[in-house]
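Asker: Predicted model follows, preceded by the sequence.
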Amino acid sequence: MFALPGSAMDVLESMEGDNVLNLSRMNLETVALDDVSEERRRETQHLLLTHNRFSVFPGDIACLRNLRFLDLSCNGLTHISDQILQLTHLKTLIAKNNRMDEFSLPKDLGKMSLEVVNFSGNRFEMVPSQILELQRLKSLSLGGNRLKTIPPEIENLTSLELLYLGGNGILLIPPELANLPYLSYLGLCDNRIQGLPPQFAQLNSLRSLSLHNNLLTYLPQEILNLVHLQELSLRGNPLVVRFVKDLTFNPPSLLELAGRIVKSRNFHYTHKDMPENLVKYLDSASKCPNPKCAGVYFDSCVRHIKFVDFCGKYRLPLMHYLCSPQCYSPCSSSSQSDCDSDDEFNVPQHRMQKVLLG
C-alpha cells in the first residue's frame, strides 16, 4: 500500500488549476489521501491516476465528493467497487487498457449520472447491463474488447451522441441501434460486420460512420437517407475490391402473386372485404424502385447491387431490390458496374463530404 508521496504533493503545488489532482505514473497500488486537506478534497474535480498499478478501485477516492472527471487508464484494474457510487457528481469515467470484464462493475453503476464512459482496451465479452441503464450517457467507448454482439437494449441510451465499438468481433448490428435520436458519431470499424440494417435511415443526426475493415459487400440503399452524414469510412471491405453480382431470388408465393395483382391494378379493398391480417399484408407492399416499373413486392424480391455516385468521385455499391428477375434497371444494356447512376440517386455536393475507400 502506498500513501500519497511527497513528490505527488509537489506536483499538486505546480498544477495551474487547484481542481486537478494528477497522480499518474507514480507506481501506486492504492491511494491514501490523508495528507490532502479537506479544502483541497472539496475543490478537486479532476483526478488522473493513469499508468499505475491498481488492480481494484482505490476506495479513498470516494472522499473527493465533488469529483467530476476520473481517469484510471493503463493500470491492472480488474474490479470497480461500490465506493465509486459515492461520487455523485462524477460525469466522466475513463478506464482504458485495464483487465475489466462484464463482472467488474458495481450492480448500481447505472444509477449514476455519468455522461462519458470509456472502457476501451479491456476484456468485456458483452456490454454490461449497468451501462445500458445510464440515462444521461452521451459518449460510450468500448473499442478493443471481445464483444460479439450489440444488445438490442442499446436503444435505452437515448442521450447517446458518440458510440465507439471498433476493434471487437461484432457480426451483426441490431435494428434497435437506429433508435438513438442524437447519435452523431458511430465507430464500428475493425469488426466482422457483413451488412447494415435498413433501419439505419432513422439515424437522422449521424454525421460520421466508420465501417472500415469489416466484411461488407454492399450498403443498403437507405443509407442515402442519412441527410447529415458527412464522413463514411469503408476501406478494407470486400465492397471496395469485389462486388456481389448475382444474389439468390426466392420465387413469390401464391399469396404474394395475388397481392401483387391487387396492388398493381389498384383494386379497392377494406376491412369489410377480407380478414384484418390480409389487409395488413396488402398495406405492407413495397414499390419497385425501378422508375420504369410499376410493380410491387412483399416478401419476395430480387436483390441486386446498384452503383451510386457520391460527390462525382466515388462509386459505392448499394443494395437494390427489384420485384422480379425480369425487372431490369434502366441501364440494363450495360453492366451495372459501368452504367451511370439514375438521377434520383445522385447525391448533392454538400452531402457525404468524405468517402474513404482506401
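Answerer: Nice, I can see it. Keep in mind that what you see is a predicted model, and the values were worked out from it rather than measured. Residues are numbered from 1 along each chain as shown.
Asker: Residue 162 touches residue 143, doesn't it?
Answerer: No - counting by C-beta atoms under 8 Å, residue 162 does not reach residue 143; the two are 11.4 Å apart. C-beta here means a position set from N, CA and C on the backbone, and glycine is covered the same way.
Asker: which of these two has more neighbours?
Answerer: residue 143 (21 against 18; other C-beta atoms under 10 Å).
Asker: Would you mind measuring from the more buried one to residue 191?
Answerer: Residue 143 sits 10 Å away from residue 191, going by C-beta to C-beta, to the nearest Å.
Asker: joint contacts of those two?
Answerer: Between them, residue 143 and residue 191 share the neighbouring residues 165, 166, 167, 168, with contact defined by C-beta atoms under 8 Å, 6 or more residues apart in numbering.
Asker: Filter those residues down to the buried ones.
Answerer: Neighbour-count burial within the shared contacts of residue 143 and residue 191 applies to 165, 166, 167, 168; the criterion is 16 or more other C-beta atoms under 10 Å.
Asker: out of these, what pair is the most spread apart?
Answerer: Put simply, by C-beta to C-beta the two of those set farthest apart are 165 and 167, 8.1 Å from each other.
Asker: Overlap in contacts, those two.
Answerer: Common neighbours of residue 165 and residue 167 (criterion: C-beta under 8 Å, 6+ apart): 143, 191.
Asker: pretty sure residue 137 is in contact with residue 159, am I right?
Answerer: Yes - in this structure, residue 137 is within contact of residue 159 by C-beta under 8 Å, at 6.0 Å.
Asker: the more surrounded of those two?
Answerer: Of the pair residue 137 and residue 159, residue 137 is the one with more neighbours under other C-beta under 10 Å, namely 24 against 15.
Asker: and the gap between that one and residue 49?
Answerer: When distances are taken as C-beta to C-beta, residue 137 and residue 49 turn out to be 22 Å apart.
Asker: go on, residue 303?
Answerer: 52 Å.
Asker: More neighbours: those two, which one.
Answerer: Using other C-beta under 10 Å as the criterion, residue 303 and residue 49 rank with residue 49 on top: 26 against 14.
Asker: shouldn't the more buried one be in contact with residue 67?
Answerer: No - with the criterion set as C-beta under 8 Å, residue 49 and residue 67 do not qualify as a contacting pair; they are 11.3 Å apart.
Asker: per-domain residue ranges of the protein.
Answerer: What automatic domain parsing lists as the domains of the chain is 6-240, 254-297.
Asker: all strands of the stretch 251-358 of the chain, in order?
Answerer: For the stretch 251-358 of the chain, the strands defined by DSSP state E, counting those that start in this stretch cover 286-287, 296-297, 302-310, 314-322, 354-356.
Asker: Let me know the average pLDDT across the third one.
Answerer: When pLDDT is averaged over strand 302-310, the result is 67.
Asker: Specify the beta-bridge partners of the closest residue in space to residue 104 that isn't next to it in sequence.
Answerer: Among residues not flanking residue 104 along the chain, residue 79 sits closest, at 5.0 Å (C-beta to C-beta, 6 or more residues apart in numbering). Using DSSP bridges, the bridge partners assigned to residue 79 are residue 56.
Asker: quick one: residue 79 from residue 206, how far?
Answerer: Distance, residue 79 to residue 206, by C-beta to C-beta: 35 Å.
Asker: between those two, who's got more neighbours?
Answerer: For residue 79 versus residue 206, neighbours defined as other C-beta under 10 Å are more numerous around residue 206 (24 against 16).
Asker: Pull up the gap between the more buried one and residue 165, please.
Answerer: Applying C-beta to C-beta, one obtains 14 Å for the distance of residue 206 from residue 165.
Asker: Same check on residue 104?
Answerer: 18 Å.
Asker: do the same with residue 93
Answerer: 17 Å.
Asker: Could you do residue 72 as well?
Answerer: Relative to residue 165, residue 72 is positioned 21 Å away (criterion: C-beta to C-beta).
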